[in-house]
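Visitor: curious how this folds, go ahead:
(one chain, ligands or ions: 1)
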Amino acid sequence: MDLGLNGKTALVTASSKGIGKAVAELLASEGCRVAICSRSKQNLENTAAEIRKRYESDVTWCVCDLNKLRDIENTFAVVKKQFGTIDILVNNCGGPIQGNFRELKDEDWQNAFEQILLSAVKFSNLIIPDMILKEWGRIINITSVSVTQPVDDLILSNSLRRGVIGFAKTISNEVAKYNITVNNIAPGYTLTNRLYDLAVHKGKTSGMSHEEILSDMAKNIPVNRLGRPEEVASLVVYLASNLAGYITGTTITVDGGRTQGY
Ligand code: NAD
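Guide: Take a look at the predicted model:
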């Protein structure tokens with residue numbers, strides 16, 4: 001199956017680890033030139049070197065704190081200078097902190113808004129004009145199953161990720177005529193550092209070990225296991241491909257059947 005991704009340029013945000021890294025790797029394996037970003041220069045250098053070595057691909061990186069609009073503008077400029085226009089934008093981000101309504105402060109809401117919603121808006125705003133000129137583009141937002149049903153103790157995700165869905169659906173209508181698609185992926189429990197940390201945090205309050213918490217999570221999933229980052233990445237690659245040109249404005253869960261409801 002020819003996905004038509006060879007030679008395309010992709011920017012994957014928050015991608016030194018976890019789901020973002022898996023996405024960058026899989027796009028590189030399909031022949032994309034890939035730009036990665038996160039806050040740590042050291043992690044970016046390591047991840048870029050690993051992907052280059054494994055796939056002999058063109059990989060660049062830029063330090064970018066998604067909570068800083070100036071970093072986002074700089075990342076866009078650096079990638080454009082090095083690789084030219086960006087064909088595929090994958091808006092991933094760090095997960096927001098846990099906590100219930102009464103525990104969280106105003107700045108927690110502000111940080112989550114900037115990280116989850118504003119970063120996706122800003123990158124899309126910078127990149128869409130070039131996609132329009134090229135009459136081709138793919139924007140894929142990594143959200144969470146919290147967009148389909150609330151997750152306990154994750155009110156920031158439950159609240160703000162729905163904003164990404166609204167944003168994506170709205171712009172998908174505006175840019176569809178230019179052959180640009182905009183979609184969201186909603187991962188369920190996927191075994192990354194983030195999930196491990198969440199399990200450790202839950203373990204502290206419940207008196208259970210993080211291993212027990214992770215095993216309990218898996219028991220509540222119909223396929224009876226946690227997801228792998230590559231399983232989210234493979235959907236990103238498909239949505240980024242030419243084959244998915246008729247899919248836009250939608251949200252697809254990758255959660256082993258965990259979300260109930262139609
Ligand atoms: P992870 O913690 O393994 O990786 C997060 C990446 O984001 C890292 O590269 C980190 O450096 C980067 N990052 C964090 N804060 C950043 C910032 N301010 N600016 C730039 N980069 C930043 O997380 P993950 O499990 O891969 O999750 C990725 C996204 O998917 C998160 O938003 C998470 O909430 C969401 N998600 C994850 C799961 C899961 O089970 N793992 C489930 C649903 C949704």
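
Visitor: could you say which helix or strand holds Phe101?
Guide: Using DSSP states H and E, Phe101 is not contained in any helix or strand.

Visitor: what residues are up against it?
Guide: Taking C-beta atoms under 8 Å, 6 or more residues apart in numbering as the criterion, Phe101 is in contact with Ile155. From N, CA and C alone the C-beta is placed, and that goes for glycine too.

Visitor: what does the one 5 residues further on give?
Guide: In this structure, Asp106 makes contact with no residue, judged by C-beta under 8 Å, 6+ apart.

Visitor: buried residues, the helix or strand containing Val164. List them.
Guide: For Val164, the host element (DSSP H and E) is helix 155-175. Burial within helix 155-175, assessed by neighbour count using 16 or more other C-beta atoms under 10 Å, is assigned to 155-165, 167-169, 171-172, 175.

Visitor: elements contacting it?
Guide: Under the contact definition 3 or more C-beta pairs under 8 Å, 6 or more residues apart in numbering; DSSP states H and E, helix 155-175 sits against helix 106-112, helix 119-134, strand 137-142, strand 180-187.

Visitor: out of these, deepest packed?
Guide: Neighbour counts (mean count of other C-beta atoms under 10 Å) averaged over each of these peak at strand 137-142, with a mean of 26.

Visitor: I'd say Ala186 and Thr250 touch.
Guide: No. Using C-beta atoms under 8 Å, Ala186 is not in contact with Thr250; the gap is 10.5 Å.

Visitor: circling back: list of residues touching the helix holding Val164?
Guide: Looking at what lies outside helix 155-175 - C-beta under 8 Å, 6+ apart - the contacts are 91, 95-97, 99-101, 104, 108-109, 112-113, 116-117, 120-121, 124, 128, 131-132, 137, 139, 141, 143-144, 146-147, 150-151, 181-184, 248-249, 251.

Visitor: break down the protein into its strands, ranges please.
Guide: Taking DSSP state E as the criterion, the chain carries its strands at 9-12, 33-38, 59-63, 88-91, 137-142, 180-187, 251-254.

Visitor: other SSEs contacting the lowest-mean-pLDDT helix or strand in the chain?
Guide: Least confident helix or strand, the chain: helix 193-206 with a mean of 88, by mean pLDDT, DSSP states H and E. Packed against helix 193-206 by the contact rule (3+ C-beta pairs under 8 Å, 6+ apart) you find helix 210-219.

Visitor: pull the number of nearby residues for Gln115.
Guide: With neighbours defined by other C-beta atoms under 10 Å, the count for Gln115 comes to 20.
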